[in-house]
Structures are given as structure tokens and as C-alpha cells.
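K.L.:
just need the structure, nothing else, for what follows:
(chains A, B, C and D)
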Amino acid sequence: MSTHHAPSTTEASSSTGGKVRGKIGVRVVGRPDSLEQRIYLPEVIRGLGVTAKHFFANLFSRKYTVTVQYPEQKLRYPDRNRGLHRLMLRDDGQVRCVACMLCPTVCPAHCITIVPEETGNGNEKRPRIFEIDELRCVVCGLCVEACPCDAIRMDSGVHAPAVDYRGDAIQTKIDMLKRGTHSVATQGGVGPDWREKQPTVKQYDPPK
Amino acid sequence: MSTTTQSKTGSKKLALGMPTPEEITAGGIPGISARPKLPPDLMAKLNNEELEEVEDIELPTEPMTINMGPSHPATHGTVRIILTIDGETVRDSDVQVGYLHRCFEKEAEAATYTQVFPYTDRLNYVSPLLNNVGFALAVEKLLGIVDRLPERASYIRVIVGEISRITDHLTCLGASAMEVGGFTPFLWMIKVREWLWELLEELTGARLTHSYVRIGGVAQDLPEHFIEKLRAVLEKSVEVLGECESLLVKNRIFRDRMDGVGTISAEDAIAWGWTGPCLRSTGVPYDVRKDHPYLVYDRFEFDVPVGSVGDNYDRVAVRLEEIRQSMRILDQACKQIPAGPVLLDEPRICMPPKNAVYNTIESMIGHFKLIVDGIKVPPGEVYSYTEGGNGELGFYIVSDGSGRPYRCHVRAPSFIHTQALSKLILGAGIADIIPTFGLINMIGGECDR
Amino acid sequence: MAETPPSPMKSSIAAALRETQSPSPPPVAPPAAASAAPAGSAPSSAPPPSDIVTIKLDGRDVQAKKGANLLEVCLSNGVDVSYFCYHPGLSSPAVCRQCLVEVVGQPKLVPACFTPIADKMEVNTATPRVLGIRRQMLEFTLVNHPVDCPICDKAGECTLQKQYQDWDHVGSRSSIPKVHKPKMQDLGPHIVLDAERCILCTRCIRVCDEVAGEKQLTMAWRGDREQLTVAPGHQLDNPYSLNTVDVCPVGALTSKDFRFTMRAWELFSTSSVCPGCATGCNVEVHHAQGEIWRLVPRENLQVNKYWMCDEGRFTYKNVRHKRLTSARIGGGRGQPAQITSIDKAVAFAAERLDRLASGGGTIGLVFSAQTTNEALFALSQVAQKLSTRGATIRTYVTGTAARPERADKILRSADTNPNAAGAKLFAGTGAGDASALLSDLKAGKLKGLWMAGGDLPLTEQALFDAAPLVDGLELFICQAVHDSPLLRRAQVQLPAAAWAEVDGSFTNNKNLVQRLRKAVTPQGDARSHLELIGQIAKKANLAQSEKWQVSARQAFLQMVASVSSSLPAGADPAQSVAAGFASADWGREYLPVQLRFANSRG
Amino acid sequence: MIDSILMFLAEHTAVAALLKLLLLVLGFVMPLASLSTWAERRQSAMMQDRLGPNRANIGPVKLWGILHFVADAIKMMFKEDVVPSKVDRFLFALAPVMAIAPVLITFAVIPFGPDLCVGQVMSVVTDPATCKATIPLQVARMDVGMLFYFALASLAVYGTTLAGWASYNKWSLLGGLRASSQMMSYEVCMGLSLMGAFLVYGSLEPNAIVTAQGSNILHWGIFTQPLAFVLFFTAAIAETKRAPFDLPEGEPELIGYFVEYSGMRFGIFFLAEFIETIFLSAVVATVFLGGWQVPGLDSSGFGSLHLPHLVVVLLQVVAWSLKILMLCWLQLLIRWTLPRFRPDQLMRLGWKQLLPLSLINIIITAAVVLWRSGGK
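P.N.:
So this is what the prediction gives:
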């Protein structure tokens, strides 16, 4: 907490407003009550003027209109937007994920299901099943933060689709790999320059 | 208006099979449990002379019990108000919260400290970042790292917090205007809120459920041109705010709806435990940001708006003025914000940089331990409080030294404000319930935590 | 598993939890075991005063036995010292140098695990010098450690992770490439070695040498090329090999059975007893998502110390396989049985049983040595009631077949039944064995048979051949965990819960009554033997609301009271089974806690 | 040809009345009411910086979303008509009819154009009184036209009250009660505020009032009776139960007297509200805005510019329509700008402010009329 000490609460609460006390700048909000207001009409007409201004401005030039005509017009999601999950790929096209289970561990919604399996090659381990129930997902992004392999990301720029059946909302490994791109984040101690080198990753291009 | 007390001829079954008061008090109506007797001061108010004297000139009537909520258009956030009304006058009410029980506290106790952030997003879900900041500060206080927080992180927390406060007040005011029929200002305010949310989405990656703040700082630095965009949005917002004001504050009909309705005295408000804009509407200038400054709030010049009467109008005006004051803070914060890191460099608390995690075993171990075991917070208890959208948002956390809170309690302002609702609407008309309820700004997620 | 040093920020809750999870040895314990009580608790019989010396530990006076291991003294006094190679059940070679502490008067730091204490010794464990050395040792250990946490099975319960996070948490200053060693080496039937991860603590070598008594592992090469290996052409295949996985502080040795199936931190732990043999090793059942993933030994110095055998670790598989999951009635005499509800099957059994007993028939009751004491006690109670109703009761004790070849002097016993002692006690002195049962069946002496547990010491083929014998019975009730040819001929087939699905107790071959705890919910309709017996007794009006029908705990209390009422005071459990009951304790109930929050491992 | 048809109609007034009613109701009121469901949404959207419904289409025909009213109507008709148990089924079914029927009937007294001179439609008519036969562009011309309107308008209250009572719902009952008290209170004020106009124009017959206002814009009611205009307009909006007087509905508080109605029954209430709006506009136009009069347009044309009779009539009918459209727009503007009153404030406004003002208006008007007529 800051070292600054303001007047104590009790002192402040004993005053009933109006005056400025100590360092607390108190501003008493006004209760305007002019004759103009009392006879209703002038302010009512002024109010009608404000809305009529919007009406005509929007009718003829869409001046204030903020509506986006969704399926035809689409706003571009910001880069940080958390959309549907995607799984990244290794150089050889295999899934980066090694089923370390940090994402299901950190997931507050318990929406990630991973069943690991042994690969038999040098990667040792990979997910046999990797499913995310997008209905349970709270889109907090903690899984991305937790992934120690740059395997799961949410920057796909695609939002979760509407589904008719709950089962359809489950994203499988194949679904997420389809959105995946190659990741250059290397692993296992490449050398002294990791401190300087920033991973440059090809940005995923969402389908238009 | 019909203001008779209950008829002395004894109660008989009303038309349409409505239950009689006796049946209700006896618990004889299925679904409505027996209610305790009213406290004496409320009884006294019920039986006051003003109400008595008109009895003779009107036909004898009997009070009607009617359910407002849990699903009722005005009860945003599922609350149930059992009303005993006489004509349109509320003679008694029983406000029942808990229909949205989300188990925040118990969920938090089963999760690591980092995992709690998505849950806090859903407390007061119109100002999630304020809850994020509040929770993070509580844990940081327990960890003893509040003084070591990076300056930039503190400024970012202030900025996102004040943006959230503006969105919170806009939602409250807009919804209240909408509920008394002013639909147009509501949508204008929502438009402004949308601009602010778009900014926040750019910053945090989500419009509403940000989970952006982390213990020891924030998750990510500000994106490029954020400050410029924020200034532009604020400039536009002031204009819209002025137009809304002209439709509401200056409009006699709106004033009539708000003036003198839901009045509470400063003493009562304090006794009920009120804080925030609701308390300030009664004239008590208590603002945690001023009285117990946290983060970098002591570096900003801003005023604490207070009301003079403590009625709904004061609550509207205080909130409107607070939006302007928040804009003032934002303006200063944008000027003062320094460069630097946004997360504390403390490997036992904050996640190591991703690049290091990929490449070194040391960071990888730290990363694993922080996620698997959680942040080990030393045993102890803490109460940390910040100025939330609705008032003093307090987190009481007991740590047993493990990676998750042993006990986590939220002092949710909405819950405390809602306590007094029954008193505020006593003797008012049905139509007064809505603005009073709306301006208390009960947020279900926070109230039924 | 056994290293459980108190961490600097150890929680009271976690401590309390560990206390409840730790074994509850019977109060009347053999004196020999008392001095080896778990670290942290005061010895029950104080050694002579002349042996006690006082040392100054971080500025405070601490009393301990002369010559005691300094590291143990530190740990038992709440002073946290990090270590890798030390293990309370093994000798100390002081190879990891992680427990270096400062002894005043000595120019160099000394390894605490290798230093006996002497009177007036002054020890500092937290001076900047010690902490700096500790950090350097960790940095040194980590220099060649691969970035493997995501695929390493030990992650989450890894001692290296824990020590780094507690004591170091500073980045590496080294930028030379790591030394690479072979990964995924097959060491034996159960073990895989990842030599890169190995920190050369030699615990595994000592486990093989000192616990299993077979010198199968050794270190080869030197310096940064040093690595663990087996002799060419040999395997790590001793019956205690999986203990090496437990003691390995990193993920160098991993169990093929558990490898890549589940992350250690996600498991919930329930303490229980291994049902593999009469030794009754104390185990922690590690389960999650309603399934058991592995068993690890639980420290109990009276029974199994810190170890268990490989076979015992796989007993959990029985809980999943070949289970009988629903009740069936009407089988026998070549007819297929019909699946029905438990209630209907119980009512069917009770009605027949009642008729048979009232008719004065001879009823055989089978006490299985695979079943908990509580169920067996309940069956003995029912037997009394049946005989008062007019039936003639014959009792038999059965179980799985003995395997003399597996007996050794360490932990493994020839008797593969966990509760033979209890079964014998409750079946009574006149009880026959399985062969008596078969000959009685052959001779047609029985009209009814009620088996609490479907195991017989016969091979599959022998069982199949013997099964038609039961067709002559008027009533055959079989409560069984697993499907078997014999069971299929029963008129009432009741699914029983397996050992990991019930609360109860087993009596081991040292007459210790040890507590089983329910770890997972029973499969299908299965219920515990105790519950099934209670329901049949209720339906047949043999018992209405006896204490033992209420819960396993009530049954235990009644059983202990009933067994020990006829005992002389101070009976020695080593002498009689009943005496073991006299000192038995139900222990506390607790909810299993996820290992990541329990602070118990790694 | 046209002349003979017109002559036939002039002689057979009943047939003419039926045709005029069909023309007015089916050709003007109902389409306009339907359209205003769309217009209201589009207009409110424009005021609120939105776009509003613009997507309903038949193939490529979009028409700015006008087709939404068709979609709405189809939706209403095919929705399940839920009748809660325990309701009074007869009254429940009767209420929507009671709500819509009186409003439609009252259109009979509204003149939507001048009298049509039969036989001279193509020539210039300088004095309508010289016509051989005329067809009034008004369904029913009766001397007590405005009283007829008041009489029928007060029937509409039954629709709302019955709906509220028959629904077996406490909220709808409250709404129904509010509606009846509000409508009864404001009818008094409505009647009294028109009294001044009656004094000025000396008639209760709507067409006579329109004719008396003439084409001189300064003689129109809004200038001769400005106070009455405000009072009547206010009271009449209250009578239509639309914001800021939508207390019987009171969306977030009471939900309304029709809370239990669904499907087309609800649609009828909805439609009745819009028809009332149009009707109110018609009355205001008639009494205060010169009805079908066009400024400067006499029966012979604009001053020296002579126009055929048919053109004049058409111009006047169009003017009448435009006035109504403009007033509808104004009502929508008010509805989406102002917040709602509270019941007690509403009553106070009605009885304590509007009523005394309208009485004052009558007295002043009467005095002026007396003074102007020289005390006769």
C-alpha cells in the first residue's frame, strides 16, 4: 500500500458533504431545478430535438450509427483476441503437444481432456486424444500461458461456432491441428542466444 | 393512491384465489414460507398516522402478495422480491438473493491463486478488471510484494480499472434509464461501453471475461497506440455523455421518477454497511481510492462526488460525475505512465518469460511448479479492499501456505447494498422499486458469490 | 516415496493431512519397532541419558542421541536441509553434496547425511555460505539436465524440481551445450532409464543392494559421462525393482506400467493395504477419475518400512478386470442366470435361506481370506443366528492358492491372501479348508452353500472341473468380486466390491489389523461383502438393525469389542490373532487430497 | 362512366359508406398500422444509432426491411396460442376484440377529404355548395361526431381491463387496473381540452370543424387553440397507453395487462395500440391541423391557379395522410425519448395540471368567443 495517509474514514464520514476536507476533494453533485424544467415542455422539446438530431443524421448519413452488419461485414479481431484453440506443429508436421497435462491442470473449467500415448520415436510422448469442450471453456487463456511447448494457442481469430448438439462443440485434436501452424519455438536448450532471440512465428491467417 | 391498512373486518379469501396475509404468515401457501415478523421500526412506519387517516374514506382493502422475480424483466441478476402490496403501495417486502449462487468462494478455495482470476471476472461482471485488481492486491498483500510492484503494472491496473468503472457506471445508469422507459440513452451509453470494451479487448484479448491481471503485475503490456486510442474514445464519450445527461438529468419526468425516491440517510447507509456511489449519494465522501490509496491513486487529482439527499437522483448524479472523474484519472494516468516491466521479476510468484521456459531447465522447473503447485503464499490471513464499481470490494483470504487459498471471502458491495432494499422500497409504489433496485446496482454475480 | 522433508512454507493443514495419512500403528507395538518410529515423532522409550547429547542447531539447543545422523536430527527438528542421495531406509554415501552444512570449527562444509553428531557440536544450516553452496550445487546439478519436464513422468513429484524451487530459483549462467546421454533405455521388465535426467545420486543402486539384496545396478564411466547401467546381458529384474522408481529423485527411472498414463500431481492419494499377500504392505492408492493408476508403498516401519514388491504394485489391476458388475439369479444345473437388481437377488437369497434354515438343512458358509474382517465377522454373526433357527452350519476358509516359490525373507509371503488370519478366526476352530469343502460337496453333505468371496485355491481348469459339484445344492449364494466358472453355477450371484472400493480391515501374518480405505467407487452394482451379508440377513429376518449392519466402522467397533472381550489383558499380538484385534484402531476419516496440494511427495 | 358510378354512390349512401369504410380501414389504417410496427423499430433504431430491422426479404426484394411486418404477422399467426389454465376463457378471448373494435369504428367520423362533387370531378368547382350531389369523404357524418368518438373511445378501456382481469395473473390485473384508471382520468381532460375548439368552430361535427378551419393556416386549431393542442395531444397519448404513459404495460415493472397473451391475440393488442396512434393523429389533424385542408388551397385551387376538382380533392387527401404520418412520427419520437411517468405522477398530471388548464382554456376561449361575437 502507498505511504500516503489520507484523513481517516471516520473523520471523512462525519462530514455531510459540501465542504472540501483535507486532501479529499469533495464535489457535491448539483440538483438543478429551474423553472424551465418545472414546466416540463421546454426540456421535453429540447430532448426531442436531441433525438431528432440523431434520427435525421442517421437517416440521411448514418453519422452516428455504429451497427455492424455482421455476416456481411466483419470486424477484425485484435491480435490478442482469444478465439478457438489451435494446436501448433513441429518441423516434421507432428503435433507439438507432448501431453504434459499442464493445460488441463491449470484450466479452471476442466474442459481439456488429454490421453497421452508413447510415440516410439524421439519425442517420446504425444496426445492420443486431445479434446476441448468449447462449451465448458471459459476462454481465460490460462492454457496458452501454461503451455511449456508453445503447442496450444488461442489466436486463431475464429470464435467458437454455434452448434446444435453439445457433442459438436468438442474440438478434437484433428480440428485444432487444422488451424495449427508451424511454430519455431525450439526446445531443449538451443544455446546461449535464447535471451536475445525472439521467436518469429508466422501469423495464422483466419479464413475470410 | 390507495393507502389503507389491512381491513379490520378480518381477512377473507380474495377474488382470484389470492392468498390472504394470514395464510402467508402462517406458511399455509405452498411455495411461500412463513415469514418472520417485521422489525419494530418498520412496523412503526407501516402504521404511521399519515397512512391511517385516509382509511375511512376508502373502501376496505386487503394487501396482496405478489412475487417479483426471480425471473422478472427488472430483476437483472435473478433476485426474488416477495411484495405485500396495497394497491400500488409496497407494505412489506422480502428480498431473497441467492438464485445465482455461483460458489465463487468455494471454487476459489479449490483452485490455485492464478486460477481464481477467471472466477473473479464473473463477480461484478460489468467491471471485471476491478475485481481482478482487487483479488491480485489481496494476494500480493499476503505475499508482501505490494510495494515492489512494477510502476507500469500499477498504472496499467489503474487505467484498466478506471475504464471498467466507467463501463460499470454506464451500464448501471443506462439500464436504470431503460427501466424507467428511456431506452434511447441506454443504447447510447451501451455504445460508449462498447468502445471501451473494444479497447479492453485489444489489451486483454477478451471483451468481458478478461482474466488479465496476474499476481505481481498484469499478463501483457499495453498494445501499440493504446493510449492514443483511449484518449480518442474518451473524447467521443464525453459528447455522448452530455447528450444522455440532457435526456435524463434535465428531463423533468426522469427527475420526478428519481427525486426523493429510495431515500436513505447517511447514518442508515453507514449502519447498513453501504459503500461506494450508494454511500456517497448520502453525502459521505468515503472513497477507498482517496481514504486508503492503493496502487498509485495518491498521484492523481480527482474529486469525490457526493450527493446531498441520498435518493435515487443523487445516485444517478454521483455516478455520472464519477464517470467524469474517472476520465480525469485516466487522462492523468495516460500522461504519467512510465515505461518498464509489467510483471514482477520474482520466479516464485510470477511465471518466467515464455522463451526462457522453452529453452532452459531452470525456467521450465519454475513454470511447472507455479502451475502444478500454484503460488505458495505464506500462511496468514489478509483483508484487502479496493474501490470496486459498486463500492468497497474486499477480499479476505486465509492461506495455509499451500498453492490455493484455504478460505476466500468476498466482501461484495452488491450483497450489502441489497440488504437495505427492503427498507428503501417500503411505502413506495411498485414503479419505484425498479429505479431503486436498479440504482443500488445489484449485480447477481457479485451478490450471490 | 519416503523423503518427506518439511518444506520452508509447510502448511499446518498439509501437515495435519500427512498425519492422518501416515500409518496408524497399533498402540501396543513390539518394543523393537518403537525406536524406529516415523521421523518427527518422539521415541516412545527414551534411551539412557548418557546417550543424549546437546548440539547447537542454527543457534538453538537441540538434544539427540549421540552418533545420530546430523541430517535426520535437522529434519526431525524442523530445520529444512535439501538432499538428494540420502534416504532414511538406505545407507548414506554423501554423493550429491546437496546437504552440506557448516559445522563450527571445521574449515570445509560437511555433508549432513554423513556426519554423526557429537556433543557441543555447533551446526549452521542457513548461513549465506551454506545457502550459496547449496544454490551452486543445484546449478551444477541442473547444468546437464534436459528440458524434459513436459514429458517427464516425475514432473510434479520431482525432488529436483522441488529443491530448485525452494532453494535456488535463479537462472543458469552456463551457456555451453548440454551433454547428451541415452534416453529410453530398457533396463528390465518394469523399468525404463533416461540417463540424461539422472543426477547420479545412487539411491537406486542402494535399493537393489540393500533392500532387494541383488547387486544389479551400477555406475559406469566418470565425470559428465557417468551413467547408470546394468551389467551387459543382465536386466534389472529383481522382485523389488520398482522401488528404484520411487526413490529416484528425478525421472531417470520410470515405471513402464505407469509411464505416460497419468500425471503424478493429478492423482489423489488414499492410504490402504496391499491385498497381494499376507504381509499386508501399507500402500497409498493413487487414483483419479474413478480409476486407480498405481500403488506406491507407504512408510510403516513395522511392516514394510518404505518398500513393496513389484507384484504387489500390480494388484490394482484386479480391481478393473473380469469384474462381476450386476446381480444374477437362477443359475445352476445348466441354466443360465438372469441379470436382476441387487434387491431382487437379495430377496431371492433371503427367502431360500430362510426356508432352508427353518427346514433344518445343513448350510456351508465360506469365509474367504480375501475378504475384510468386518464382512467375515458379520458372516459369523449370521452363522450363529442361522444355527439358532435350526440349521446345521459348517464353516470353511478358502482363498487363493499359496505360492511357496515367491516367499522370501524380505516382504513377500507364500500366502497370497491378505486376511487368512482373520478368516480363520471368524470361521471358528472347526472350520474346514477348501479341500474339505470340495469333499463335503462331493459327499452331498451340504444342502446350501453361502460363499462370502468366490476365490478357491484351484487353477482355472480345476475350478471348471469342480464346478458341477455345486449343482446338487438346494441353494448356492455366491458373493464374488470376479467372474469365475464356479460363480456362474450359483443360484444367487451377488457382485461384491473389490478391496480398493471398501472400508474395512485386513489382519496380516503378524496379526496386525490394518485399515483399508475406500479409494474408488465400486464398479457397476457392486457392494461390499459386509453390505450384502447385512441385507440378506435383514431380509431373512436374521438380524434387523444390528450395529454391524449400519456401517463398516460400526461393524469394526462391534467386532473389536466382541473379539477382545474374551481376551486376557495385555495379550501379545504376536501370539494370537485375537490379540491383534484388541489393539486395533479404526483411525481417522479424511477426504483424499490431490497430490499437488498435499505436499506429500516431491 | 365515373360520373355515373359516383352518382350511384351519392344516391346509395349505405353502399358508399361501406366502400369508404373499406377504403379507409383496409386501404389506409391497417396498412399504416402494420407498417408502423416496422417504422417504430426503424425509427427508434435511427434515434439510437442503430440500423434496426432491415433483413426481411422475399428473394432479392428487401425494401429496407419493410417486409418485416409481413414476417411479424406470419410469426404471430403461427405461434402457439397459449391460454393459461384457470383463465376466464370467454373474457380472455373477448378482450383483444374489445381493444381493437372501438378504435376501428371511430374512424367512421374522421373526414379524410372534402365532399366530392358528383358530376364535376373534372371541372373547377368554386363553391361546393352549388354541387348537385356530393359524396362526403367521411364514412359517417353525424352532428355529434366528436361525442361519438368519446363514447366509443371509452369503450376501449374494457379491452385492457378485461384482459388484465381475465388473465388470472396478479401482474396483468395490476396493469388492467392502471389502464382503466389512467384512461378514465385522461378522457375527462381530453374532452374538456377539445371544448375550446368546439366553441371556436361552433360544431361537434368533425367535417364542419375542418371546413371551419379553412385553408388559412392561421385559422387552424393549433393557432387558435395552442394550449388545447398541447393538452389534448398529451392526454391523447396517455389514452393510447404509449410511452411516456405506458404504465399499464410498464415493461420492466408490470409487464402489462397482456402478459398472458401470446400469438395473434397478443398481436391484436399490439396492433390496436398502433391503430390508436393513427387514430389519435387523425383527430389531432382534424381538430388542430386543419384536417384535409391544404394551406392556401381552396376548392377551386390555389388562389388564381385553378385546378380540377379531382386534383384538389386528391391533394387534400394526400395532405391529410401526410399530416397523420407526421403526427405518427412525432409520437414515435416522443415514445423513444421520454421516460415513463409513475402512476401517482400520472394522476397528478392528469387531474391537477391538465384538467385545471383545460378548464382555464375553456373559460378564456368562451370569453374571447363571446367578445368576438359582440355579446350575442
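K.L.:
going forward, measure contacts between C-alpha atoms and count neighbours the same way
P.N.:
Will do.
K.L.:
kindly tell me how buried residue C:430 is, as a neighbour count.
P.N.:
Using other Cα atoms under 10 Å in any protein chain shown, residue C:430 has 10 neighbouring residues.
K.L.:
was I right about it contacting residue C:393?
P.N.:
No - using Cα atoms under 8 Å, residue C:430 makes no contact with residue C:393, being 10.5 Å away.
K.L.:
show me what contacts residue D:178?
P.N.:
Residue D:178 makes contact with D:247, D:248, D:343 under the criterion Cα atoms under 8 Å, 6 or more residues apart in numbering or on different chains.
K.L.:
wait, which of those residues is closest to residue D:163?
P.N.:
residue D:248 (11.3 Å; Cα to Cα).
K.L.:
distance of that closest one relative to chain A?
P.N.:
To chain A, residue D:248 is 22 Å away according to Cα to the nearest Cα, to the nearest Å.
K.L.:
I'd say that residue and residue D:179 touch.
P.N.:
Yes - judged on Cα under 8 Å, residue D:248 makes contact with residue D:179 at a distance of 5.0 Å.
K.L.:
where does residue D:311 fall, phi/psi-wise?
P.N.:
Main-chain dihedrals, residue D:311, degrees, to the nearest 10: phi -60, psi -40.
K.L.:
can you get me a residue count around it?
P.N.:
Residue D:311: 17 neighbours (other Cα under 10 Å).
K.L.:
what of the one 10 residues further on?
P.N.:
Residue crowding around residue D:321 was assessed by other Cα under 10 Å; the count is 20.
K.L.:
before we move on, what about residue C:554?
P.N.:
For residue C:554, the tally of surrounding residues (other Cα under 10 Å) stands at 16.
K.L.:
wait, doesn't it sit right on residue C:547?
P.N.:
Yes - with contact defined as Cα under 8 Å, residue C:554 counts as touching residue C:547 (5.7 Å).
K.L.:
against chain B, how distant is residue A:152?
P.N.:
Counting by Cα to the nearest Cα, the gap from residue A:152 to chain B is 13 Å.
K.L.:
not counting sequence-adjacent ones, nearest residue to residue B:300?
P.N.:
residue B:329 (6.2 Å; Cα to Cα, 6 or more residues apart in numbering or on different chains).
K.L.:
do residue B:404 as well
P.N.:
That would be residue B:112: by Cα to Cα, 6+ apart, it lies 4.3 Å from residue B:404.
K.L.:
so what does the closest residue to chain C within the stretch 1-150 of chain D have for phi and psi?
P.N.:
When scored by Cα to the nearest Cα, the stretch 1-150 of chain D has residue D:85 as its residue closest to chain C, at 41.8 Å. When quoted as degrees, to the nearest 10, the phi and psi of residue D:85 stand at phi -70, psi 160.
K.L.:
and the pLDDT at it?
P.N.:
You'll see residue D:85 listed with a pLDDT of 88.
K.L.:
next one: residue D:258
P.N.:
87.
K.L.:
tell me the residues of the stretch 1-150 of chain D that contact chain A?
P.N.:
D:43, D:46, D:47, D:48, D:49, D:50, D:51 (Cα under 8 Å from any Cα of the partner chain).
K.L.:
dump those residues to CSV, plus secondary structure.
P.N.:
Output for these, formatted as CSV (DSSP: H, G, I helix; E, B strand; the rest coil):
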residue, secondary structure
D:43, helix
D:46, helix
D:47, helix
D:48, coil
D:49, coil
D:50, coil
D:51, coil
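K.L.:
of those residues, closest to chain B?
P.N.:
Nearest to chain B among those is residue D:48, at 5.4 Å by Cα to the nearest Cα.
K.L.:
for the residue nearest to residue B:300, pull up the helix or strand it's in.
P.N.:
Using DSSP states H and E, residue B:329 sits in helix B:312-336.
K.L.:
so which bits of that helix are buried?
P.N.:
In terms of neighbour count (16 or more other Cα atoms under 10 Å in any protein chain shown), helix B:312-336 has its buried residues at B:312-334.
K.L.:
ok, now stretch B:372-380?
P.N.:
Those would be B:372, B:373, B:374, B:375, B:376, B:377, B:378, B:379, for stretch B:372-380 by 16+ other Cα under 10 Å.
K.L.:
what segments of chain A are helices?
P.N.:
Assigned by DSSP state H, the helices in chain A fall at A:9-14, A:35-38, A:41-61, A:102-106, A:142-146, A:173-178.
K.L.:
wait, which of those helices is closest to chain D?
P.N.:
Among the helices of chain A, the nearest to chain D by Cα to the nearest Cα is helix A:41-61 (4.4 Å).
K.L.:
can you tell me what sits against the closest one?
P.N.:
A:36-37, A:63-65, B:243, B:246-247, B:250-252, D:43, D:46-49, D:333-334, D:337-338.
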